[in-house]
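Asker: Provided below for reference: sequence and predicted model.
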Amino acid sequence: MAADGGMISFGINYFDMRNMTRVLGASLLVFMVFTTGLRGAGSDVADAVMNRDHATLQALLKKKTDVNAPQRDGATALHWAVYHDDRDAADLLLRAGAKPDVLNRTGMSPLAMAALYG
């Protein structure tokens, strides 16, 4: 403890230990909310196709997971199947109800991507 009653000096500002704990706790909370938010608004199906994980894709399709759920940038699983030229995944997704006309953040649909990139 400091001689002045528990105060710790940081230049011209003084914080007691209780306020320091509050600041650290609030910082940790902000960090956790931010990092959770980066992952939180994703799509398990799109993530599986993005990572070329066919086993997970098939398991998610069996559970009737939403094949049109977008990732944060608007990309769906079908966008990733077209991007990777993964005909098997695209076929599975289309049979499960994937919409080929959904736009991502840049305004591209899987159908437009397939027409443009072959």
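Answerer: That came in fine, so what should we check first?

Asker: any idea where the helices of this structure begin and end?
Answerer: Using DSSP state H, the helices found in the chain span residues 17-40, 44-50, 54-62, 77-83, 87-95, 110-117.

Asker: in the third one, what's buried?
Answerer: Buried residues in helix 54-62, counted by 16 or more other Cβ atoms under 10 Å: 57, 60, 61. Backbone N, C-alpha and C define where each C-beta goes, glycine included.

Asker: tell me the contacts of the last one?
Answerer: Residues in contact with residue 61 (Cβ atoms under 8 Å, 6 or more residues apart in numbering) are 45, 67, 92, 96.

Asker: same thing but at 6 Å, please
Answerer: residue 96 (Cβ atoms under 6 Å, 6 or more residues apart in numbering).

Asker: next one: the first one
Answerer: Neighbour list for residue 57: 48, 49 [criterion: Cβ under 6 Å, 6+ apart].

Asker: per-residue pLDDT, it?
Answerer: pLDDT for residue 57: 98.

Asker: Please apply the same query to residue 118.
Answerer: pLDDT at residue 118 comes out at 75.

Asker: how many other residues sit next to it?
Answerer: Residue 118: 7 surrounding residues under other Cβ atoms under 10 Å.

Asker: Residue 111 versus residue 64, what's the distance?
Answerer: The gap separating residue 64 from residue 111 is 24 Å, by Cβ to Cβ, to the nearest Å.

Asker: For those two, indicate the residue with more neighbours.
Answerer: Between residue 64 and residue 111, counted using other Cβ under 10 Å, residue 111 has the larger neighbour count: 14 against 9.

Asker: List the residues that contact the more buried one.
Answerer: 100, 101.

Asker: if I look at it, how far off is residue 63?
Answerer: In terms of Cβ to Cβ, residue 111 sits 26 Å off from residue 63.

Asker: got it, and residue 86?
Answerer: When residue 86 is compared with residue 63 (using Cβ to Cβ), they lie 20 Å apart.

Asker: So between these two, which is more surrounded?
Answerer: Neighbour totals were compared for residue 86 and residue 63, and residue 86 leads with 19 against 9 (other Cβ under 10 Å).

Asker: Just the pLDDT at the more buried one, thanks.
Answerer: pLDDT, residue 86: 97.
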